[in-house]
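**Student:** what shape does this take:
(one chain, ligands or ions: 2)
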Amino acid sequence: MDMVLDYLITFAVIYAVMLTVYFATGLTMTVINKRHPDRRIQKDRDGMKRVRGEIIASLSALATSSVLLSAGYFAQVQGWTLFAPLPLSWWSFPLMFVVCLVLFDAWFYWGHRLLHLPAFYKWHVPHHRSIAPTAWSNDSSTTVDTLIEHGFYLLVWFVLPVPALSVFALRLFDQISGMVGHSGFEYFASKSSRWPSPMICTTFHDLHHSQFHYNYGNFFSFWDRVCGTVHPKYDHLVKAMEETGQVPDFEETKVANKAA
Ligand SMILES: [Zn+2]
Ligand SMILES: [Zn+2]
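**Tutor:** Ligands and ions are numbered 1, 2, ... in the order given. Next comes the predicted model:
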C-alpha cells in the first residue's frame, strides 16, 4: 500500500511540474508573439481559434506522459530495471542527456511515421486538426498518439543506466522546444537550422502541419534527410529568412503535387 501511495505522489509531482511548464511556456510564447506579428509563419490562418479544445486535450495527454515518465522513474528507484543508474556526475549527466536526446529523436521519427500510416492515423488526426499550430497545440494528442510518441519516457529507464536528472532534463527540453516549434512564429531561422546542420527552427514542424507529408523529426532533421522526407523547400526558406530578415509569404512554401 505504501508503494502505491509513493507512486501516486511521484506521478502527482511530475504531472504538476509538466502542467506548470506547459502553461508558463504557452503564456510566455503568447506574449512574445503578440509583440512580433511580422514573425507569423502562416499569415492568413489564426490557430488561436482552437486553443480551448487544445488545452483540454493537452491536460489529458500530459497526464499520459506523466504516467509514462513517473512509472519508468519509479521502476528505476525500486530497482526493477536492467541497470542501476550511473551515479550523477559532471560527465554522466550530459553524456546520458545527449544519448537520450539522439535516441528519442529516432524513436519519435519512427513512431510519428507509424502514426501517419492509414491503420494508425485515426489516433494522430486530432493533432493535425491544427493546420496553423500554436504553442498550445504541442500536446494536443490522443492517448494512443502519446503512448507511441512518448513511450520512450517509460522504456529508457529499463534499458539504459540513465541518471534520473538526464531524463527529466530531456523531458523539460522536449516540452519547451516542442511548444516553441509549434508556436507558429519564427525566431530561430539561421545557418544552424538548415543543411548541413541537423538542427531545425520553428518553420520545420510548421510545414509538417500545413503540408503534412514532410518533416516528421522532433529535435533534428537527420532522419528526414536520411529517409527523404524533409520538405523540399525547407533549406531554401530558412536561407531566405536569414538573408531578408523576413518570414516568406506562405504561398512560397507550397510544393506542387506531392504524393503521399
Ligand atoms: Zn504528424
Ligand atoms: Zn505537431
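
**Student:** only C-alpha atoms for contact and neighbour calcs from this point on.
**Tutor:** OK.

**Student:** run a quick neighbour tally on N33.
**Tutor:** If you count neighbours by other Cα atoms under 10 Å, N33 ends up with 18.

**Student:** which residues does the residue lying closest to it once chain neighbours are set aside form beta bridges with?
**Tutor:** Closest residue to N33 apart from its sequence neighbours, by Cα to Cα, 6 or more residues apart in numbering: F185 at 6.7 Å. Note on F185: beta-bridge partners by DSSP bridges are R40.

**Student:** tell me who's in contact with F185.
**Tutor:** F185 makes contact with N33, R39, R40, I41, T202, T203, according to Cα atoms under 8 Å, 6 or more residues apart in numbering.

**Student:** what's the closest non-adjacent residue to the residue nearest the centre of the chain?
**Tutor:** Nearest residue to the geometric centre of the chain (Cα atoms, centre = their mean): G178, 3.6 Å. Distance criterion Cα to Cα, 6+ apart; nearest residue to G178, sequence neighbours excluded, is N138 at 6.1 Å.

**Student:** do you know how far the one you found is from A61?
**Tutor:** The span separating N138 from A61 equals 10 Å under the rule Cα to Cα, to the nearest Å.

**Student:** ok, Y73 next?
**Tutor:** Relative to A61, and taking Cα to Cα, Y73 is found at 18 Å.

**Student:** neighbour count for those two, which is higher?
**Tutor:** Higher neighbour count among Y73 and A61: Y73, with 27 against 22, using other Cα under 10 Å.

**Student:** spell out the secondary structure type for the more buried one.
**Tutor:** On the three-state scheme (DSSP: H, G, I helix; E, B strand; the rest coil), Y73 is labelled helix.

**Student:** pLDDT wise, what is it at?
**Tutor:** We have a pLDDT of 98 for Y73.

**Student:** for the remainder of this discussion, apply numbering that starts at 19.
**Tutor:** That works, and once the first residue is 19, the last one we named lands at Y91.

**Student:** got the contact list for it?
**Tutor:** Residues in contact with Y91 (Cα under 8 Å, 6+ apart) are L172, W175, A182.

**Student:** recalculate using a threshold of 7 Å.
**Tutor:** Applying Cα atoms under 7 Å, 6 or more residues apart in numbering, we find Y91 in contact with W175, A182.

**Student:** kindly provide the distance from it to T38.
**Tutor:** 20 Å.

**Student:** and what of T160?
**Tutor:** To T38, T160 is 20 Å away according to Cα to Cα.

**Student:** looking at the two, which is more packed in?
**Tutor:** Taking other Cα under 10 Å, T160 and T38 do not tie; T160 has more neighbours (19 against 12).

**Student:** I'd assumed Y139 was in contact with that one.
**Tutor:** No. Contact between T160 and Y139 fails when scored by Cα atoms under 7 Å: they sit 10.9 Å apart.

**Student:** kindly check the end-to-end length of stretch 52-61 for me.
**Tutor:** Stretch 52-61: ends 13 Å apart by Cα to Cα.

**Student:** ok, residues contacting the helix or strand harbouring D123?
**Tutor:** With secondary structure defined by DSSP states H and E, D123 is part of helix 110-133. Residues from elsewhere that reach helix 110-133 (Cα under 7 Å, 6+ apart): 104, 138-139, 142, 166-167, 170, 180-181, 183-185, 188, 234-238, 241.

**Student:** what is the neighbour count of I194?
**Tutor:** Applying other Cα under 10 Å, we find 18 residues neighbouring I194.

**Student:** where in this structure is pLDDT low?
**Tutor:** 275-278 (pLDDT under 70).

**Student:** what residues of the helix ranked longest in it count as buried?
**Tutor:** Ranked by residue count under DSSP state H, the longest helix found in the chain is helix 20-53. Within helix 20-53, the residues that qualify as buried are 25, 28-30, 32-33, 36-37, 40, 43-44, 47-48, 51, counting by 16 or more other Cα atoms under 10 Å.

**Student:** equivalent analysis for stretch 109-129, please.
**Tutor:** Buried residues in stretch 109-129 (16+ other Cα under 10 Å): 110-112, 114-115, 118-119, 122-129.
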